[in-house]
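Peer 1: Structure for this input, please:
(chains A and B, ligands or ions: 2)
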Amino acid sequence: MTRSRYILKRLLQTIPLIAGIMVLVMLLLHVVPGDPARAIGGMAASDETVEQIREELGLNRSFVAQYIAYVGNALQGDLGISTRSRQPVTEIIGERLAPTLWLLTAGMILSIVLASAVSVLAARNKDRAADYALGGLTVIGLSMPAYWVGIMLLLLVALPTGAFPISGFGKGFWGHLNAIILPALTFAIAISPVMIRALRAKLVALYRNDFVMMSRAVGLSESTILARHLSRHAALVLITMVSVQVGPMIFVGVVIEKTFALPGLGQALVNAVAQRDFPVVQGITLTTALFVTFVHLGADIFTSFVNPRTVLE
Amino acid sequence: MNSLFDISGLRIDLDAHGDRLSPVGPVDLTLAKDECLGIVGESGSGKSLTLKALLGLLPDGLSMGAGQIRIEKGGDLVACQPERLRGHRVGLISQEPGAALDPLMRVGGLIAEVVQRHAGCSRTEAAARAVDLMRQVGIPDPERRARFWPHELSGGLKQRIVIAMALACDSDILLCDEPTTALDVTIQAQIIRLLRDLRDKRSLSLIFVTHDLALIHEIADRVAVMYAGLIVETGPTEAVFADPRHPYTRALLAAIPDMDSPDADLQPIAGAPPAATEFGEGCRFAPRCRMSSAACVAGQPELEPTGAGTQVACVNWRRSEKDAP
Ligand SMILES: Nc1ncnc2c1ncn2[C@@H]1O[C@H](COP(=O)(O)OP(=O)(O)OP(=O)(O)O)[C@@H](O)[C@H]1O
Ligand SMILES: [Mg+2]
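Peer 2: Residues are numbered from 1 along each chain as shown, chains lettered A, B, ... in the order given. Ligands and ions are numbered 1, 2, ... in the order given. Next up, the predicted model:
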């Protein structure tokens, strides 16, 4: 199988996946015990109001009809209207997307940089003091909850220095960047330990590999071996970690948004759930699920470029 | 003899032991220009470790405890660090061509990388030279195959790529660690022919490790027989094969199936070679030796000349097999 065929196959696979995701998103409304329209309207609402809500959400139609309508509207960029603010859901998502994307992107980059540096250092000093020290730090990082790390950074860094906002997303590019540093650091402290474990183990195994010995035998320097050979293997490990861990990462992201009061999707989701604002909950859930799907897809495509053998399977 | 590469007193130690444990050595080896030195011995006798030590490539937990490595430079033998030999004077061809190539790089790129590091030329020039090297090691259609990934090549072609990488360094000494063990017989013969051709064309000197005595007989000018980390017999190949003196060498030769008289009984050597932890005071072969005597356990015998151009480390080398009790 050629790479382009593999990629095409993977792209086609995502279509039924997304259709399935949308079924689950629709079901969200129905997992609430009792009548969803009543749940949205609240106990005090009159029967007419509840009937109106039912009408508005299309709950009086069959599930299949609801599904077709939802998918049709979604394809046209319409995810419904918030039952609270009467604002279109896509607009809410649009406003809230930036902080979340910033957090996930910056957090991801920082995690990968941190994990790479620590893993290389630990693997090169295997079973020496530096390796044990870094291993200890990794265990500590693993055992600290993200919200606690966030609060500590606020108390010990943001407040005393005054260099970082203690809440919000700042103004303009530099404002955003400044506001995202501590949240991204929190993210990296939560996420990188798992990466470090996998990557260090992989590097230790790679250093024992025959091809590393052969690269040395032909006179390649340690830095060349690291930069030109091991980096590719490490990239595969990291991208797999990102792909597998993207769910937990989003969860950590929600916690961090709450800790740093970042006005992102996570916050919006938490609020919408509390207010039983179903269209918003559905819209954000769909966005998240699509994000996860595309991260998996992107990881597989990346892997197919770095590792020729994936295309074979 | 005009020495090109000379190793004396090489000892390889296990790091993590209170008592010093040395799976290899002390070993002396010398290689003349344009010569092929064969090292033969059972699995676990320390052949690979010896070659790795010569380039400072010992795995974690092992280190070169003693020994001097000297290489010819401007007519003299000068001492040098093994690491300094990598990539220009001494090349290595390993036992497992499949594992020796980075699976995530195209084979042309792997060779070009070595060319580039060695000649300091541009990327495109290195790529062109890589294709040229692939042609020299007999890879058909090298332009196309340069774009192949290692897993797309057969074992024989992979081994040729490894050889091309070694040639890219312009080494004058090639260490071959069982370069054909992982290959089937016809491919094996092709690789041996290639190594011979290269040896003549490029005036390469080889140290060739194997446990295949027939192969040694075919390719090596001199042979060193290794047992439990020590050389027990060495000399010109013809002389050693014609009149083996060490009971271990004799046993090895007796264990080869004889094509001319297939009905003759094979005589495998009973028992297994000792690990480094089991090395005793005396001759390490004594427990398996049919000729062992009280003198054998007293101390490890040194190599001594036999007068026939060979050297042997056995207190009983003067006694012939017939005298064995
Ligand atoms: N990394 C290591 N750590 C400890 N001992 C080792 C290590 N590698 C090899 N040894 C020991 O050193 C001895 C020699 O090993 P070596 O690989 O040199 O054998 P060999 O002669 O090349 O055998 P083969 O024909 O199987 O390749 C063996 O007894 C082995 O157990
Ligand atoms: Mg070996």
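Peer 1: Quick one: the strands in chain B, in order.
Peer 2: For chain B, the strands defined by DSSP state E cover B:3-14, B:21-32, B:36-40, B:62-73, B:76-79, B:90-93, B:173-177, B:205-210, B:222-227, B:230-236, B:304-305, B:311-312.
Peer 1: Could you identify which of these is most buried?
Peer 2: strand B:90-93 (a mean of 28; mean count of other Cβ atoms under 10 Å in any protein chain shown). In this view, the C-beta of every residue, glycine as well, is placed from N, C-alpha and C.
Peer 1: Do it and ligand 1 come into contact?
Peer 2: No. Strand B:90-93 stays clear of ligand 1 (Cβ under 6 Å from any ligand atom), getting no nearer than 12.9 Å.
Peer 1: who's in contact with that strand?
Peer 2: For strand B:90-93, the external contacting residues (Cβ atoms under 8 Å, 6 or more residues apart in numbering or on different chains) are A:214, A:217-218, B:5, B:51, B:54-55, B:57, B:71, B:159, B:162-163, B:165-167, B:169, B:171, B:173-177, B:179.
Peer 1: again, 7 Å this time
Peer 2: Defining contact as Cβ atoms under 7 Å, 6 or more residues apart in numbering or on different chains, one finds that strand B:90-93 is touched by A:214, A:217, B:51, B:54-55, B:162-163, B:166, B:169, B:171, B:173-177, B:179.
Peer 1: quick revisit: possible to save the strands of chain B as a markdown table with distance to residue B:113?
Peer 2: Listed next are these as a markdown table, based on distance: least, Cβ to Cβ, whole Å:
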| stretch | distance to residue B:113 |
| --- | --- |
| strand B:3-14 | 26 |
| strand B:21-32 | 28 |
| strand B:36-40 | 28 |
| strand B:62-73 | 25 |
| strand B:76-79 | 29 |
| strand B:90-93 | 15 |
| strand B:173-177 | 19 |
| strand B:205-210 | 24 |
| strand B:222-227 | 34 |
| strand B:230-236 | 36 |
| strand B:304-305 | 46 |
| strand B:311-312 | 42 |
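Peer 1: Can you lay out those strands as a markdown table showing mean pLDDT?
Peer 2: Listed next are these as a markdown table, based on pLDDT from 0 to 100:
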| stretch | mean pLDDT |
| --- | --- |
| strand B:3-14 | 90 |
| strand B:21-32 | 90 |
| strand B:36-40 | 94 |
| strand B:62-73 | 90 |
| strand B:76-79 | 87 |
| strand B:90-93 | 92 |
| strand B:173-177 | 93 |
| strand B:205-210 | 93 |
| strand B:222-227 | 93 |
| strand B:230-236 | 92 |
| strand B:304-305 | 84 |
| strand B:311-312 | 86 |
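Peer 1: Tell me where the model's unsure across the chain.
Peer 2: As the question left the chain open, I've gone with chain A. Low-confidence segments of chain A, defined by pLDDT under 70: A:1, A:32-33, A:311-313.
Peer 1: let's do chain B instead
Peer 2: Applying pLDDT under 70 to chain B flags the ranges B:1, B:17, B:257-268, B:320-325.
Peer 1: Might you enumerate the residues of it proximal to ligand 1?
Peer 2: So chain B meets ligand 1 at B:14, B:23, B:41, B:43-49, B:59, B:61-62, B:211, B:275 (Cβ under 6 Å from any ligand atom).
Peer 1: residue of chain A with the smallest distance to chain B?
Peer 2: Across chain A, no residue is closer to chain B than residue A:219, which sits at 1.6 Å (Cβ to the nearest Cβ).
Peer 1: my guess is that residue meets residue B:169, correct?
Peer 2: Yes. In this structure, residue A:219 is within contact of residue B:169 by Cβ atoms under 7 Å, at 6.2 Å.
Peer 1: shared neighbours of these two, which are they?
Peer 2: Contacts common to residue A:219 and residue B:169, judged by Cβ under 7 Å, 6+ apart, are B:87-88, B:118.
Peer 1: Setting aside sequence neighbours, what's the nearest residue to residue A:241?
Peer 2: Of all residues not flanking residue A:241 in the chain, residue A:195 sits nearest, at 5.1 Å (Cβ to Cβ, 6 or more residues apart in numbering or on different chains).
Peer 1: Quick check: the one you found vs residue A:212, distance?
Peer 2: To residue A:212, residue A:195 is 21 Å away according to Cβ to Cβ, to the nearest Å.
Peer 1: and residue 199, how many neighbours?
Peer 2: The chain I'm using is chain A. The number of residues packed near residue A:199 is 24, by other Cβ atoms under 10 Å in any protein chain shown.
Peer 1: switch to chain B, that's the one I care about
Peer 2: With other Cβ under 10 Å as criterion, residue B:199 counts 18.
Peer 1: Those residues of chain A touching chain B, which are they?
Peer 2: Proximity of chain A to chain B is confined to A:208-211, A:213-214, A:216-220, A:228-229, A:232-233, A:306-309 under the rule Cβ under 7 Å from any Cβ of the partner chain.
Peer 1: Just the buried subset of these, please.
Peer 2: Neighbour-count burial (16 or more other Cβ atoms under 10 Å in any protein chain shown) applied to those gives A:209-211, A:213-214, A:216-220, A:228-229, A:233, A:307-308.
Peer 1: among those residues, which are in helices?
Peer 2: Assignment to helices by DSSP state H places the following of these there: A:210-211, A:213-214, A:216-217, A:233.
Peer 1: quick revisit: quick one: which of the shared contacts of residue A:219 and residue B:169 is most hemmed in?
Peer 2: Within the shared contacts of residue A:219 and residue B:169, most neighbours by other Cβ under 10 Å means residue B:87, with 26 neighbours.
Peer 1: where's the residue nearest the centre of chain A relative to residue A:151, distance?
Peer 2: Among the residues of chain A, the one closest to the centroid is residue A:250, at 3.7 Å (Cα atoms, centre = their mean). As defined by Cβ to Cβ, residue A:250 lies at a distance of 20 Å from residue A:151.
Peer 1: Looking at chain B, which helix is longest?
Peer 2: helix B:185-202.
Peer 1: Now do that helix against strand B:205-210: the angle between them, please.
Peer 2: 160 degrees (axes from the mean of the first three to the mean of the last three Cα atoms, to 10 degrees).
Peer 1: Strand B:173-177 and helix B:185-202, what's the angle between them?
Peer 2: 170 degrees.
Peer 1: Contacts for helix B:185-202 next, please.
Peer 2: Against helix B:185-202 from outside (Cβ under 7 Å, 6+ apart): B:36, B:137-138, B:155-156, B:159-160, B:163, B:176, B:179-180, B:183, B:204, B:206, B:215, B:219.
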